[in-house]
Structure formats: C-alpha cells, structure tokens
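Asks: sequence plus predicted model, see below.
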Amino acid sequence: MYAKVDWISISRACLIAVMALTRLLYLSTSIALLAVTRADAYEVVPHAAAQGLGFEPVHEAMTLASLACANQALAGAFTTGRSTLDCSGFSKNLGELGNAYLAYRGKKTRDLRSPSGSSYDLDEVREIIDGVLWPDDPTRLHSSPTREGRALVNHFHVCTKLQNEYLSCANRYCMSHFGNLQFLHAMIPAAPWCEKDKGRSDSPTCELAQKPVKEGMEQWVKWLVPLAKGETHATDPLFPGEDGFTQRVFDQRYCNRESGFWLWKTLPMYPNSMKIEELLYTSCDEVGAGKCRVVLPVADKERRTQRLAMGALLHLIQDSYAQGHTRRRPIDKRLAGSAFVACSPVEDFHDYRVQVQDKKALDAHKSADKYPAWDSSCSAADRQVDDPVTAGANLIVMLRNPNQTGQHVWDYLRLRVLGPKE
C-alpha cells in the first residue's frame, strides 16, 4: 500500500519555505537600500549614528553642547547684559562631542564628559536624546540594527507610495516625514488626503492642514512645555477635548482601510481613550497602524516622559536651522550648498514630501544634515537670532524655571530662533 500523503503538512511546509524566501529577499533588498542611502541619509535613520553605520550624530552633539552650556549657566548663576545665554563657544566642539557620544553608546567608554571637562548625568543624556530622536522615529521603527533595513524600505517605498491616497491611514512615521506632522521638524505640513476630491476632508487631522507651519509649531510647543515641566503627565488623556490640538493632528479613528498596497493592513488603533504615553511609546514593525504596540518604560516613566518632551522641543529648534528644512540667509555666500548654520531669520519653510520627488532637492536636504559650518552672522554682537546650541541651552534653562510657561517659550522661539520677518 502507498503511504497516505499528508497534504496539509506539505502545504504548510511549502508556505513556510516561501515565507522564509520572501523574508530573505526582503532583507537583502533592505540591506542593499541601506548601502545605497547610508552616505547622506541621517534624516532617514535617526539611530544609525549610534549603531556605527557611518552617520554624523548632529542632533546628539548639539544636544550635548546645549546641555553642557545650560548646566554651566545654572551652576554658576550665569548673568550677563544679554537677554539670553551665549553658548557659541560650545558650538566648536560638535565633532568631539559626537565622537564621544558614539564611543559611549558603543560601550567603548563608560564616561561622557562635557567640553568643560565635567561629567554628564548619563541617565539625563540618554533620556533627553531619546526625545531628540523621537520626532524622526515616532514609532521606533529604527530602534535596532535588525529593523533598520526594513525601516528604510518603509520610508522610501511604502510611505512615498501611500502619501497621496493612503497616507491618512499610515502611522505617525509616515505622517511625521510626509504628512501633516512635518511641523515637528519645522517643515510645512502636507495633507493631500484632505483635498475635496479625496473624500476625507472631514477627518480631524485636516483642520491644521494647509495652515501656516508656525501655527502647528506654536501649538506643539505649548503642548510639550507642560509635559516637559511635569505639569501634565504620561497617564493624562491625549484627547482631553473634542477640539483640542492633539485631536486635530493625532486622531486617526476615521482610518479603517482593511487592505491596500502590498496587502498592507491598517486598524483603527488610536481610539479616543488614548493616553499621552501611548503616543510617545508606540513601537511599530511597519508603517501600517495595525502592526504596533505600546512599550512603556519599566521604571521612572514620568521622568523619562518629561525628558522626552524636552528632547522633542530641542529637535524642533535644531531642525529649524538645517538648510534642508528652512531657508536662512547667510552672510558668507560661499557656504551655499553645504551644511551651515546662519543666525538670521527663517525666510521659508520647506516640504519634505515635495523634496523627495526632486532628486536635487532631496540631495540638498541630505547634505544639510552634517556637522555644520558657522556663518559669521552667529558671531555678530547685534545678531537677531541665537545659534541652535544657544537656543537649546536657553530652552533647557526655561524649562527648569517654574515661572516660565509655554507662552514664554514660544515667544522666545518666535523671536530668537525663527526670528522676526524682515
């Protein structure tokens, strides 16, 4: 007699083999894409610098410089005739600070020292930098080297394919880079799904769409400051009112598409009962909202949340000086085309969604995310705008002052970071 064929087992084995082959092909494509983009794509892989993938940790270095200046000012009861601190001396150490941070993160050293030689509070550094990287990676897609390649595929292939029709159903990674959350990076929010012919103009996230970018930035700052000062808490509701800021930009309850690009599936995972901690600690495997979970800190959640909020504010400041994000006029015209910081008012805000469609614009964006040269406007005694390291230090000092409010912080950013209109 012939042995009975177990077709179910065979089918299952074939399916497993196909899935393994598909995963291998996907990983190979991801690695190839990482190799192609790694030269200049710091803005795409925010954790890659710490993983030793060859990127310059500009955000991390600026944060360390601002923190060192703020700590020195507070320790010495710093006072001058100027209305703000002057941390320009710390700006010269960005490369050294970046290398020191990479050595610390790579566990080559257990110590991390400021430009003045004093030791940092390492918990504070880790937790603030986690917040500095959060706007670039709000769903922790880049949280480990093994997920980096997949995240790049999501960024360059999935988000860009979904941005016109399906982006309103993608999670906040796509929304941050291509959608209505671009103001997190001092860039113009884009919401193509809000156009009348797309039939979704009544979604909550459309209210701030197409409005001046400063309006979104202002509301974001005023929402983050109380969180950074411990006046609001991780366990507070994210949507306290039907018409609040968070309701207008983060509510995705209307999104219930069941299938789409590459069998991409989305679930309405952001219900109205959501807490602030669920926004800040969501971790996703894909850009589809259905493949996400909330991973809360195991200890010191409130402290970590405050520092994460401080880091997100620092990110907004630092991004506003990158020429790929905004246009500021340098005094030294020879700096054009390179990474530089000009301490002059913002003249225009850019749109990353548009830049990705233009190779020249995308290359310019990538080239701006390097250790910058410093325009002579930043050393002028009568400058209108502070440099990013000084601005970050002033933010930290203001957040540690119980008398400073979100309005005070926004007024400082409006006048001394974004600068008055000329």
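Replies: Perfect, I can see it now.
Asks: what residues does whatever helix or strand Glu215 lives in touch?
Replies: Taking DSSP states H and E as the definition, Glu215 sits inside helix 213-228. The contact list for helix 213-228, computed with C-beta atoms under 8 Å, 6 or more residues apart in numbering, reads 180, 182-184, 186-189, 208, 232-233, 245-246, 249, 276, 305-307, 309-310, 312-313, 316, 349, 399, 405-407, 409-410, 413-414, 418. Bear in mind the C-beta positions are built from the backbone N, C-alpha and C, glycine included.
Asks: make it 7 Å
Replies: For helix 213-228, contacts defined as C-beta atoms under 7 Å, 6 or more residues apart in numbering pick out 183-184, 186-189, 208, 232, 245-246, 276, 305-306, 309-310, 312-313, 316, 349, 399, 405-407, 409-410, 413.
Asks: dump that helix to PDB, restricted to CA.
Replies: The C-alpha atoms that make up helix 213-228 are tabulated as PDB, following Å, rounded to 0.1, in the frame of the first residue of the first chain:
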ATOM      1  CA  VAL A 213       3.600  76.000   9.600                       C
ATOM      2  CA  LYS A 214       4.200  78.300  12.600                       C
ATOM      3  CA  GLU A 215       0.600  77.600  13.800                       C
ATOM      4  CA  GLY A 216       1.300  73.900  14.200                       C
ATOM      5  CA  MET A 217       4.700  74.600  15.700                       C
ATOM      6  CA  GLU A 218       3.200  77.000  18.200                       C
ATOM      7  CA  GLN A 219       0.600  74.500  19.300                       C
ATOM      8  CA  TRP A 220       3.100  71.700  19.500                       C
ATOM      9  CA  VAL A 221       5.400  73.800  21.700                       C
ATOM     10  CA  LYS A 222       2.600  74.900  24.000                       C
ATOM     11  CA  TRP A 223       1.500  71.200  24.300                       C
ATOM     12  CA  LEU A 224       5.000  69.900  25.000                       C
ATOM     13  CA  VAL A 225       6.200  72.500  27.600                       C
ATOM     14  CA  PRO A 226       3.800  71.500  30.400                       C
ATOM     15  CA  LEU A 227       4.700  67.900  29.700                       C
ATOM     16  CA  ALA A 228       8.400  68.700  29.900                       C
END
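Asks: give me the mean pLDDT for that helix.
Replies: For helix 213-228, the mean per-residue pLDDT is 96.
Asks: got the buried residues for it?
Replies: 213-214, 216-221, 223-228 (16 or more other C-beta atoms under 10 Å).
Asks: what of stretch 99-112?
Replies: Under the neighbour-count criterion of 16+ other C-beta under 10 Å, stretch 99-112 has Ala100, Tyr101, Leu102, Tyr104, Arg105, Leu112 buried.
Asks: residues in a beta bridge with Arg293, which ones?
Replies: On the basis of DSSP bridges, Arg293 is bridged to Ser283.
Asks: can you report how many residues lie near Leu415?
Replies: Using other C-beta atoms under 10 Å, Leu415 has 16 neighbouring residues.
Asks: again but with Asp351, I slipped
Replies: By other C-beta under 10 Å, the residues close to Asp351 number 17.
Asks: same check, this time on Leu94
Replies: 22.
Asks: quick check: next helix or strand after the helix or strand it falls within?
Replies: Using DSSP H and E, Leu94 falls within helix 94-105. Later in the chain than helix 94-105, the nearest helix or strand by DSSP H and E is helix 122-133.
Asks: how about residues contacting that following helix?
Replies: Contact with helix 122-133 is made by 46-47, 59-60, 63-64, 67, 112, 304, 307-312, 314-315, as judged by C-beta under 7 Å, 6+ apart.
Asks: tell me where the model's unsure across the stretch 1-150 of the chain.
Replies: Counting by pLDDT under 70, the stretch 1-150 of the chain has low-confidence residues at 1-55, 75-83, 144-150.
Asks: what ranges do the strands span in it?
Replies: Counting by DSSP state E, counting those that start in this stretch, the stretch 1-150 of the chain has no strands to list.
Asks: what about the helices in it?
Replies: For the stretch 1-150 of the chain, the helices defined by DSSP state H, counting those that start in this stretch occupy 7-37, 58-75, 94-105, 122-133, 145-153.
Asks: for Asn401, see how far away Thr109 is.
Replies: 33 Å (C-beta to C-beta, to the nearest Å).
Asks: cool, Ala65 as well?
Replies: 20 Å.
Asks: who has more neighbours out of the two?
Replies: Neighbour count, other C-beta under 10 Å: between Ala65 and Asn401, Ala65 has more, with 28 against 12.
Asks: what sits against the more buried one?
Replies: Cys87, Phe90, Ser91, Asn93, Leu94, Leu97, Val389.
Asks: neighbours of the residue found closest to it once you drop the neighbours it is linked to in the chain, how many?
Replies: Computed as C-beta to C-beta, 6 or more residues apart in numbering, the closest residue to Ala65 that is not its neighbour in sequence is Phe90, at 4.1 Å. By other C-beta under 10 Å, 28 other residues sit near Phe90.
Asks: same question, Ala336
Replies: 10.
Asks: now it: how far from Cys174?
Replies: 31 Å.
Asks: so Ala312 is in which element?
Replies: Assigned by DSSP H and E, Ala312 falls in helix 301-319.
Asks: helix or strand right after that helix?
Replies: That would be, after helix 301-319 and using DSSP H and E, strand 326-328.
Asks: buried ones in that following strand, by neighbour count?
Replies: Thr326, Arg328.
Asks: likewise for stretch 369-386?
Replies: For stretch 369-386, by 16+ other C-beta under 10 Å, it's Asp369, Lys370, Pro372, Trp374, Asp375, Ser377, Cys378, Arg383, Val385, Asp386.
Asks: restricted to strands, list these.
Replies: Using DSSP state E, the subset of these located in strands is Trp374.
Asks: and the buried residues of stretch 369-386 as JSON lines, adding pLDDT?
Replies: Formatted as JSON lines, the buried residues of stretch 369-386 follow (pLDDT from 0 to 100):
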{"residue": "Asp369", "pLDDT": "77"}
{"residue": "Lys370", "pLDDT": "84"}
{"residue": "Pro372", "pLDDT": "91"}
{"residue": "Trp374", "pLDDT": "93"}
{"residue": "Asp375", "pLDDT": "94"}
{"residue": "Ser377", "pLDDT": "94"}
{"residue": "Cys378", "pLDDT": "93"}
{"residue": "Arg383", "pLDDT": "89"}
{"residue": "Val385", "pLDDT": "94"}
{"residue": "Asp386", "pLDDT": "95"}
